[in-house]
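J.: Got a sequence here, can you build the structure:
(chains A and B)
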Amino acid sequence: MGRKTGFIISKIAELLATLLVVSLLTFVAFSVIPGDTAQVILGPDASQAQLDALRAELGLDKPLIVQYLNWLGGLFTFNLGKSAAFGVPVASLIAERLPVTIGMSIIALIFVIVISYPLSVLSARRPGRALDQVFSVAGHILFAIPPFVLSLLSIIAASALFSGFRAGQYFRPEDNFPGFIGCLLLPSFCIALPKIAMTFKYMRSSIIEQNASEYVKNAKGHGLTDFRILIKHVLPNSNVSAITVISIVLSDILAGSLIVEQVFNLPGMGRLLLSGIARRDFPLLSGMVFYIAFITVLLYFAADVLGSIADPRIRLK
Amino acid sequence: MENISAERIRHIHLVKIKDLTLKFPANGKEPEHVVLDKLTFGIRDGEILGLIGNSGSGKSMTCYSVAGLLPENAVITEGTIKYQGKDLLSMNAKERRNMLGKDIGMIFQEPASALDPLMKVGKSLDEILLSHGITDKAERYNRISDILKTVGFDDPEKIYERYPHQLSGGQRQRILIAGAVLLSPKLLICDEPTSSLDTVTTVAILDLLRRLCVEMKITILFISHDLSAVKNFCDRVIVMRDGKIVEADTTEDILMNPKNPYTAELLTNARLDPRTLDLTHAEYDPENKPVLLCKDVSAAYTASLWGRWDENLVLSGVNMSIYPGEIKGLIGSSGCGKTTLVKTILGLMRSEGEIKRPEGSIGAVFQDPVSCLNPAHSILWHLKEALRPMRKTMSKEDIQAAIDNAVDTVGLDRSYLSRRPNELSGGQRQRVAIAMCMITKPKLIIADEPFSSLDATSAAEILKLLAKINRENKVAILMITHNIHIVRAVCSTVAVMDAGKIAEDNITEEVLEKPSSEAAIRLLDAEKRLHS
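T.: All right, here's what the predicted structure looks like:
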């Protein structure tokens, strides 16, 4: 028991240490980049007195270490200050855009799992045969196409095929939830496609590897059917190793969504980030960069913990 | 182990194999390969039939043919296999699968990896019953408890909840046996079930199999290249070579007066008789400075980043020395720390205490020559790689000479240099591993069970080779093994390990004739039972 609690505590300590480093790097990066938040807010015509006053108000005249500690405190209380460009709190800007990005990521992940798993099982049944070859080649092609190209192609294709489809349409989730999900489907699919190829490739070789293992041979010797061996033995074992891959896929999906949102004209984190960059909105950018890094670190952490729970060899050590 | 009465054997055949011919058809890379050539033999109801022969003789394929578990590219071109009069080869895949577990049980070689690591062992057994259509939960649980008791677990409830990694090798093999006989099959096929177990465990597993044979009236087909396991266990033995039967007779007749010269050669190799095998070794001088000195060496595997390094000591206070020219045997049951000691001596493990290593390099030969060599590269590449630490100071001619010399020393033809590991046999790969040691001119070679994955003939050849290297080059060898024959044949001294300590370390005759430690007595007792 003591060992298990120790394991969890040490994992959480690792997580906190990583986040601290991430926050420090983010802060230092934005302190080094040239640009002045007060100047952005007041515009080029502001007088020196006005700038000094605003700097004092924002705390920008204090030593860097104090600024960092203030900012760090703000991260934990979701008080990131006001956006220089939009004049509203950064936290509320992020909260407003989050549903689109999170929604797209979840739908894309569902696409990845629902499509890549059956395909990899089919492919791994008879490696090297025609079906496997076709899937593998298709996978390579999909893997090589960048998501924004896929997005453009899919918009053209969807417009041609469905008369009701209108590119760039968006419904707010609180107004029309099915419509909101509907307008996320195609962009999610575009983000998911290369990841489907990646997960397929990994799962396929993992299943082939498990199929060659001694315990599968043994289960066959006991007269278990292939299907039973697949469901009860092979897939659970493949899943343990797939957890890491899926966490990487998920963080890739998040990154991918930033670009695809732009193509589909969806008001998500990606658009917010781009407009923040265009207007040198440092409070907004530093907050977003930190939270994106935070989600990524959290994903890997979750994968790590899940992996150790799923495998009794680690769990019961 | 005394032979139990032969009354249980009935003079009818449970399985009859006639003219069985099995081929791997030619594909793009390889020509057609005949694995079994008109094989004909019967398995009598109630007997324990041994099937022996070197690697590649077709033993395993014979089993897989009977069980219906042949690889997809193998083709049976001729012959019949009849089980209780039913023709197995005319059945479809589903009918044959239904027979597995119910009529025919199978046990494989590797208990370490033959159980699903994510599943409790009870659940694994439950899967077998479920897939054979037994739906009543209480009945399944009772049957599993019963069979766990039968195979020697006193507390089935506790074992049911264990994961494979929480069990020892012997316990895992018991679980696998439990799984194989769970549905009371008439025939149990054992494909080298003891070859990865230590002697004490081997004896226990053979006892168990024999008991099952009597109590559950199970007929056993027992494949092995370990003749000592066959000796007191099988009623009859079939000797196979190149897919054909060389000789078939009662165990006694085969082992005592083999009629076929091939069988005789197999037996000589298996016995490792020093006189016939030319196993004389170098004289060593204990007055000399030792090539290796371990003083109070401790080592541990650290689990966590912040845990104390010595939480779980695998070695605690090991003292040992090896002198120039000495061959020291290191024996002990599985898990006693032999391999950890090897890693520590090689500097692959963090350790405390004093280790004085010889100047220059230490050679190492490991158990599994398949995974020790890089399949993507030629033998020449491997030898050059071994030279890497000293290659800078050598001229091209020096390197060439060193490579030729190493290959000649281990008796490999120079034409093998351009081949890849998968084109070599197990024995040849082990020779490459030894050549990779010899090329660095070590004063000490550590051989960690270098024979256990080889058949008797290759094992004898590799042993001869190591003895010759020791004699001619005065290289000291630390030989880790669980085969007492090998110790007796070549080792001048032997150390017995138990629970991370050296329990006894003396000249071979002393240890084998008058063991003083409990660990040594236990090991030798099991050995005696196996060979009596």
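
J.: Relative to the whole chain's centre, how far out is stretch A:59-76?
T.: Mean-position distance between stretch A:59-76 and its chain equals 28 Å (CA atoms, centre = their mean, to the nearest Å).

J.: Could you list the buried residues of that stretch?
T.: A:60, A:67-68, A:71, A:74-75 (16 or more other CB atoms under 10 Å in any protein chain shown). C-beta here means a position set from N, CA and C on the backbone, and glycine is covered the same way.

J.: just curious, which of those is nearest to B:S425?
T.: Checking the buried residues of stretch A:59-76 against B:S425 by CB to CB gives A:L75 as the nearest, at 63.6 Å.

J.: From A:A17, how far out is the closest one?
T.: 15 Å (CB to CB, to the nearest Å).

J.: now swap in A:V289 and tell me
T.: Counting by CB to CB - A:V289 and A:A17 are separated by 19 Å.

J.: Between these two, tell me which one has more neighbours.
T.: A:V289 (19 against 10; other CB atoms under 10 Å in any protein chain shown).

J.: For that one, which non-adjacent residue is closest in space?
T.: Spatial nearest neighbour of A:V289, chain neighbours left out: A:T26 (5.1 Å); criterion: CB to CB, 6 or more residues apart in numbering or on different chains.

J.: any idea how far the one you found lies from chain B?
T.: According to CB to the nearest CB, to the nearest Å, A:T26 stands 26 Å off from chain B.

J.: Correct me if wrong, but that residue is in a strand.
T.: No. Using DSSP: H, G, I helix; E, B strand; the rest coil, the assignment for A:T26 is helix, not a strand.

J.: Count the neighbours of it for me.
T.: So A:T26, with other CB under 10 Å, has 23 neighbours.

J.: thinking again about what came up before, of the buried residues of stretch A:59-76, which is the nearest to B:K244?
T.: Nearest to B:K244 among the buried residues of stretch A:59-76: A:L75, at 77.0 Å, using CB to CB.

J.: which residues sit in contact with the closest one?
T.: A:L75 sits next to A:23, A:287, A:290 when contact means CB atoms under 8 Å, 6 or more residues apart in numbering or on different chains.

J.: With B:T250 instead?
T.: B:235-237.

J.: Which of the residues you listed ranks first by neighbour count?
T.: The residue in the contacts of B:T250 with the most neighbours, by other CB under 10 Å, is B:V237 (27 neighbours).

J.: looking at the sheet around the closest residue to it other than its chain neighbours, what are its partners?
T.: Distance criterion CB to CB, 6+ apart; nearest residue to B:V237, sequence neighbours excluded, is B:G50 at 4.1 Å. Beta-bridge pairing of B:G50, defined through DSSP bridges, involves B:F222, B:V237.

J.: Tell me the spacing between B:G50 and B:L183.
T.: B:G50 is 24 Å from B:L183, by CB to CB.

J.: who's more crowded, these two?
T.: B:G50 (26 against 19).

J.: how near is that one to chain A?
T.: Separation of B:G50 from chain A (CB to the nearest CB) stands at 20 Å.

J.: Distance of that residue relative to B:L206?
T.: In terms of CB to CB, B:G50 sits 11 Å off from B:L206.

J.: and what of B:K356?
T.: Counting by CB to CB, the gap from B:K356 to B:L206 is 42 Å.

J.: how close does B:T219 sit to B:K149?
T.: Distance from B:T219 to B:K149, by CB to CB: 22 Å.

J.: for B:S453, that is, sorry about that
T.: Taking CB to CB, one finds B:S453 at 34 Å from B:K149.

J.: Chain A contacts on the stretch 1-150 of chain B?
T.: Proximity of the stretch 1-150 of chain B to chain A, by CB under 8 Å from any CB of the partner chain, involves residues B:67, B:69, B:97-102, B:105-108, B:110, B:112-119, B:127-128, B:130-132.

J.: hang on, I meant the stretch 401-532 of chain B
T.: Checking the stretch 401-532 of chain B against chain A by CB under 8 Å from any CB, there are no hits.

J.: Now do the helices in the stretch 401-532 of chain B.
T.: Applying DSSP state H, counting those that start in this stretch to the stretch 401-532 of chain B gives helices spanning B:426-438, B:456-473, B:484-490, B:508-513, B:518-531.

J.: Kindly report the same for the stretch 51-200 of chain A.
T.: A:64-76, A:90-125, A:130-144, A:147-161, A:177-211.

J.: can you pull the contacts of residue 46?
T.: Because you didn't say which chain, this covers chain A. Counting by CB under 8 Å, 6+ apart, A:A46 has contacts A:38-39.

J.: my question was about chain B
T.: B:8-10, B:14, B:213, B:217, B:219.

J.: hmm, try it at 6 Å
T.: B:8-10, B:219 (CB atoms under 6 Å, 6 or more residues apart in numbering or on different chains).

J.: For the lowest-mean-pLDDT helix or strand in chain A, output the C-alpha coordinates as PDB.
T.: Ranked by mean pLDDT, DSSP states H and E, the weakest helix or strand in chain A is helix A:37-42, scoring a mean of 75. The C-alpha trace of helix A:37-42 is given here as PDB (Å, rounded to 0.1, in the frame of the first residue of the first chain):
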ATOM      1  CA  THR A  37       1.500  45.300 -23.700                       C
ATOM      2  CA  ALA A  38       0.800  48.900 -22.600                       C
ATOM      3  CA  GLN A  39       1.700  50.100 -26.000                       C
ATOM      4  CA  VAL A  40      -0.600  47.600 -27.700                       C
ATOM      5  CA  ILE A  41      -3.500  48.700 -25.400                       C
ATOM      6  CA  LEU A  42      -3.000  52.400 -25.700                       C
END
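
J.: Pass me the low-pLDDT residue ranges in the chain, would you?
T.: With no chain named, the answer covers chain A. A:1-4, A:317 (pLDDT under 70).

J.: wrong one, chain B
T.: In chain B, residues with pLDDT under 70: B:1-6, B:29, B:273-276, B:302-311, B:532.

J.: Spell out for me which residue occupies the centre of it.
T.: B:S195 (3.5 Å; CA atoms, centre = their mean).

J.: tell me which parts of chain A are close to chain B?
T.: Contact residues, chain A versus chain B (CB under 6 Å from any CB of the partner chain): A:214-215, A:218, A:220-224, A:228, A:232-233, A:236-237, A:312-313.

J.: go again using 7 Å as the cut-off
T.: Selection of chain A residues close to chain B by CB under 7 Å from any CB of the partner chain yields A:6-7, A:10, A:213-215, A:217-218, A:220-225, A:228, A:232-233, A:236-237, A:240, A:311-313, A:316-317.

J.: Show me just the buried residues among those residues.
T.: Buried, going by 16+ other CB under 10 Å: A:7, A:213-215, A:217-218, A:220-224, A:228, A:232-233, A:236-237, A:240, A:311-312, out of the residues of chain A next to chain B.

J.: B:M320 reaches B:C294, doesn't it?
T.: Yes. Proximity of B:M320 to B:C294 meets the contact threshold set by CB atoms under 7 Å, at 4.6 Å.

J.: How many neighbouring residues does B:I9 have?
T.: Using other CB under 10 Å, B:I9 has 17 neighbouring residues.

J.: go on, A:P89?
T.: Around A:P89 there are 18 residues (other CB under 10 Å).

J.: can you tell me which residues contact the spatially closest residue to it that is not a sequence neighbour?
T.: Distance criterion CB to CB, 6+ apart; nearest residue to A:P89, sequence neighbours excluded, is A:K82 at 5.8 Å. A:K82 makes contacts with A:88-90, A:283, as judged by CB atoms under 7 Å, 6 or more residues apart in numbering or on different chains.

J.: Quick check: PyMOL command selecting the buried ones in those.
T.: This is the PyMOL syntax for the buried subset of these, where burial follows 16+ other CB under 10 Å:
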select buried, chain A and resi 89+90+283
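
J.: re earlier: of the helices of the stretch 401-532 of chain B, which is nearest B:I403?
T.: Using CB to CB, these put helix B:426-438 closest to B:I403, at 8.5 Å.

J.: Check the stretch 51-200 of chain A for the residue nearest chain B and tell me.
T.: A:R126 (8.6 Å; CB to the nearest CB).
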